[in-house]
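Visitor: pasted the sequence and its predicted model underneath.
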Amino acid sequence: MTRALPEGISVRALRGAALEAALEDVARLRIAVFRDWPYLYDGSLDYEREYLSTYRDSPGALLVGAFFGDVLVGASTSTPMEDHAGEFAAPMQGRGVALEKILYGAESVLLPEYRGKGIGHRFFDLREDHARALGRTHVAFCSVMRPADHPLRPASYRTNDAFWQGRGYAPVPGAVAEFSWKDLGQEGETVKPLQFWMREI
């Protein structure tokens, strides 16, 4: 049974013009949320506009937006795997599932005060519905890998592994993507490893 969302919060799927109209707000959300561990992302709107062009240009793209009133407070993005950056598609080749059968869930970002209210499940529900509508058999996403002894790791940090496993996802052995971004306090971009997770739907 789907958990009821708190009053004032709505979650809805956006495509086409509605998706494109929301991308600037998605960029701001990504910059805000990904500053925190484990991403430590020192983002800029110029970088974000270039990165998010994938969703504007992909006919199969989906943006699930979480709104408090009319304000975007969370977002989950997806594209067909073959439409996403080559750094992400390449590690999934030869894993027993054709890229054309995979929907890639690029990110889910949600402001801290709206977490734990059932929005994450709605993100995954609508993402998986979209995958089925496109004729996809699998949904995959990546999680950044950071050293356990990283000096900026908060003592209270808990991974999302239990949530993902509860949704039926599991790490794909040997499927690790590499992607670069600028960490807070660093001079330039550095390469980060990201572990693929996937489930059959």
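Guide: Received it, and whenever you're ready, just let me know what you need.
Visitor: count of neighbours near M198?
Guide: If you count neighbours by other CB atoms under 10 Å, M198 ends up with 21. The C-beta positions use only the backbone N, C-alpha and C, and glycine is treated the same way.
Visitor: I'd like the distance between it and G96.
Guide: With distances taken as CB to CB, to the nearest Å, M198 is found 10 Å from G96.
Visitor: ok, which stretches of this structure are helices?
Guide: 16-33, 45-57, 86-89, 119-133, 161-166 (DSSP state H).
Visitor: distance to P151, mean pLDDT and mean neighbour count added to the ones you listed, as TSV?
Guide: As requested, these are arranged in TSV below (distance: least, CB to CB, whole Å; pLDDT from 0 to 100; neighbours: other CB atoms under 10 Å):
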stretch	distance to P151	mean pLDDT	mean neighbour count
helix 16-33	21	95	17
helix 45-57	25	90	15
helix 86-89	26	78	15
helix 119-133	28	97	19
helix 161-166	22	97	13
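Visitor: ok, which of the ones you listed comes nearest A148?
Guide: Ranking the helices of the chain by proximity to A148 (CB to CB) places helix 161-166 first, at 13.3 Å.
Visitor: now do the same contact list for the closest residue to L103 other than its chain neighbours.
Guide: Closest residue in space to L103, ignoring its immediate chain neighbours: A131 at 3.8 Å, by CB to CB, 6 or more residues apart in numbering. Going by CB atoms under 8 Å, 6 or more residues apart in numbering, A131 touches S78, L103, T137, H138, V139, I201.
Visitor: any idea how far F141 is from A131?
Guide: Taking CB to CB, one finds A131 at 11 Å from F141.
Visitor: ok, F163 next?
Guide: F163 is 12 Å from F141, by CB to CB.
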